[in-house]
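Enquirer: need coordinates for the following:
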Amino acid sequence: MSDSSLHLENLPSRTMHINRMINSNYNHSPSRTIYSDRFIPSRSGSNFALFDISNSPTPAEGKEDGSGTYNSLLHAALFGPDTPDKDSSSLPACRNIFRYKTETKRSLHSLSPFGLDESVPGISHSPVKAPKKVPRSPYKVLDAPALQDDFYLNLVDWSSNNVLAVGLGNCVYLWNACSSKVTKLCDLGIDDSVCSVGWAQRGTHLAVGTSNGEVQIWDASRCRRIRTMEGHQLRVGTLAWSSSLLSSGSRDKSILQRDIRAQDDFSSQLSGHKSEVCGLKWSYDNRELASGGNDNKLFVWNQHSTQPVLKYCEHTAAVKAIAWSPHLHGLLASGGGTVDRCIRFWNTTTNTHLNCMDTGSQVCNLVWSKNVNELVSTHGYSQNQIIVWRYPTMSKLATLTGHTYRVLYLAISPDGQTIVTGAGDETLRFWNVFPSPKSQNTDSEIGASSFGRTIIRSAVSINKVECESSANLTQNVLRWSRSMGILDEPLFIFIH
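Expert: Coordinates of the predicted model:
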């Protein structure tokens, strides 16, 4: 008798019974020794009858065999449709079910475990993420009489407090997106006209560029002009804020840097363009200023330079459309006029030209979404369209039409979901093009219910609040914070 047999005889009878159960179908191989750090059971080698478990259960009488279809689909998906469905008892004991094999080709967007086997019935092979749906019609249209049809002007801007500023002739009007209230901010008189408007990044200060070369600073909350700054000889067609620093571009080919806290009208003058400056944009980190001109040039300046640090000369028409990416540092997009028609992308960090896309029409404006990696372009001759692009593939997500003149003006809401476009047809059109930051896979519901109501899902300004008690106000603020600005009804009552 062997040593192992002597050892087993000394164990209790119950332990020997368990060992016989485990080793009932296990055959030792005399040729080699098997080492393993864990026990992996084999179905074909399992004694199901010993545990009163059926290896191939049959459906109960009177019940629909719903599991049979599922098992067939699962078998075909795991082992392929051509693999015969053998009874498990006929499989050899040494068969390794979870064996390695060459991975089948599947879509990068597919999360399905079933691969791309077209022969498996009842399995959808489409990507899990549904394609984005952009409404093809504006949810609101406002009349804008005397809105000029001039490519070199910038007459529409949307503030962080959800107020839209529009320059109409020699007047500036404010439209509150929360209450739809319209306020006339200023009238420059018959000898002057509005050429540009630009909101400060925070607060209620609005800069107004005039045809006489002045830049006026207005406090929109009190409808009062704070100061008037001179320096330009011709009209001021573009404005850009960087904290308390205001940059103004003019037809006199210069860019003036103005600190509104200082007494001087401007602190420095940037020279480089050979024609009218029609586009200005500060980067999101306020370190770089991009300028475009009617000389077909795109320049990049730093905070302290008076000469451009980067020069891009690839465009063949005026560069008005400029937009910095909020997602990637140093990524700059620019668009050319009628002859050029291209959107170009630049990496200002490495000073490289990344990509070029011919749009087929004059590029008037560009704006990036801060919620997703997409951007919008508006166009003039000859199609007057609005295009939503996915970056970096530059695939078209939507083409929006409706304006009968060049779409010269563009602004985006503070929540990043809605854009407003203006054209020489004297209309302002509001479009839902981007998802909310909280849920990027659902369509925006801004204004979708009716044309007569505007619901702006954004961080509302708390200037004047009526509440019953301070505790009630605290509760409202907490509720607003938890919802991250996604409001179906206003939580704050504005007193006008």
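Enquirer: would you map the helices across the stretch 351-496 of the chain?
Expert: Assigned by DSSP state H, counting those that start in this stretch, the helices in the stretch 351-496 of the chain fall at 470-482.
Enquirer: quick one, strands of it?
Expert: Per DSSP state E, counting those that start in this stretch, the stretch 351-496 of the chain carries strands over the ranges 352-358, 363-368, 374-379, 386-390, 395-400, 407-412, 418-423, 427-432.
Enquirer: what's the angle from the longest one to strand 386-390?
Expert: Using axes from the mean of the first three to the mean of the last three CA atoms, to 10 degrees, one finds that strand 352-358 and strand 386-390 are set 130 degrees apart in direction.
Enquirer: how about strand 352-358: buried residues?
Expert: Judged by neighbour count using 16 or more other CB atoms under 10 Å, the buried positions of strand 352-358 are Met357. Yep, even glycine has a C-beta here, placed from its N, CA and C like the rest.
Enquirer: for that strand, C-alpha coordinates in CSV please.
Expert: Output in CSV follows, covering the C-alpha atoms of strand 352-358 (Å, rounded to 0.1, in the frame of the first residue of the first chain):
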residue,chain,number,x,y,z
THR,A,352,2.5,74.8,-37.1
HIS,A,353,-0.3,74.8,-39.7
LEU,A,354,-2.5,71.8,-38.8
ASN,A,355,-5.3,71.6,-41.3
CYS,A,356,-7.3,73.4,-43.9
MET,A,357,-11.0,72.9,-44.9
ASP,A,358,-12.5,74.4,-48.0
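Enquirer: closest one to Ala144 among the strands of the stretch 351-496 of the chain?
Expert: strand 427-432 (5.0 Å; CB to CB).
Enquirer: list the helices and strands the closest one packs on?
Expert: When contacts are defined as 3 or more CB pairs under 8 Å, 6 or more residues apart in numbering; DSSP states H and E, strand 427-432 sits against strand 140-143, strand 418-423.
Enquirer: buried residues in it?
Expert: The neighbour-count check on strand 427-432 (16+ other CB under 10 Å) flags Thr427, Leu428, Arg429, Phe430, Trp431, Asn432 as buried.
Enquirer: between the helix or strand in which Ile343 is found and strand 386-390, what angle do the directions make?
Expert: According to DSSP states H and E, Ile343 maps onto strand 342-347. Angle of strand 342-347 versus strand 386-390, following the same axes, to 10 degrees, is 40 degrees.
Enquirer: give me the helices and strands touching strand 342-347, please.
Expert: Contact partners of strand 342-347 among helices and strands, from 3+ CB pairs under 8 Å, 6+ apart: strand 331-336, strand 352-358, strand 363-368.
Enquirer: how about CSV for these, with distance to Ala317 and mean pLDDT added?
Expert: Compiled in CSV, those are given as follows (distance: least, CB to CB, whole Å; pLDDT from 0 to 100):
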stretch, distance to Ala317, mean pLDDT
strand 331-336, 4, 98
strand 352-358, 12, 97
strand 363-368, 9, 98
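Enquirer: can I get these in CSV with distance to Ile217?
Expert: Output for the helices and strands packed on strand 342-347, formatted as CSV (distance: least, CB to CB, whole Å):
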stretch, distance to Ile217
strand 331-336, 28
strand 352-358, 37
strand 363-368, 24
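Enquirer: ignoring the adjacent residues along the chain, who's closest to Ser254?
Expert: With sequence-adjacent residues excluded and distances taken as CB to CB, 6 or more residues apart in numbering, Ser254 is closest to Gln269, at 5.5 Å.
Enquirer: just the pLDDT at that neighbour, thanks.
Expert: At Gln269, the model reports a pLDDT of 96.
Enquirer: for it, list each beta-bridge partner.
Expert: Leu256 (DSSP bridges).
Enquirer: can you check Val172 too?
Expert: Beta-bridge partners recorded for Val172 (DSSP bridges): Gly167, Cys186.
Enquirer: turn the strands of the stretch 351-496 of the chain into JSON lines, including distance to Glu288.
Expert: Below are these laid out as JSON lines (distance: least, CB to CB, whole Å):
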{"stretch": "strand 352-358", "distance to Glu288": "15"}
{"stretch": "strand 363-368", "distance to Glu288": "15"}
{"stretch": "strand 374-379", "distance to Glu288": "18"}
{"stretch": "strand 386-390", "distance to Glu288": "22"}
{"stretch": "strand 395-400", "distance to Glu288": "28"}
{"stretch": "strand 407-412", "distance to Glu288": "20"}
{"stretch": "strand 418-423", "distance to Glu288": "24"}
{"stretch": "strand 427-432", "distance to Glu288": "29"}
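Enquirer: Ile255: which of those is closest?
Expert: When the strands of the stretch 351-496 of the chain are compared by CB to CB, strand 363-368 sits nearest Ile255, at 19.3 Å.
Enquirer: among the helices and strands packed on strand 342-347, which is nearest Asp150?
Expert: Taking CB to CB, strand 363-368 is the member of the helices and strands packed on strand 342-347 nearest to Asp150, at 10.9 Å.
Enquirer: tell me the helices and strands packed up against that closest one.
Expert: Packing contacts for strand 363-368, counted by 3+ CB pairs under 8 Å, 6+ apart, involve strand 319-324, strand 331-336, strand 342-347, strand 374-379, strand 407-412.
Enquirer: I appreciate the help and will end here.
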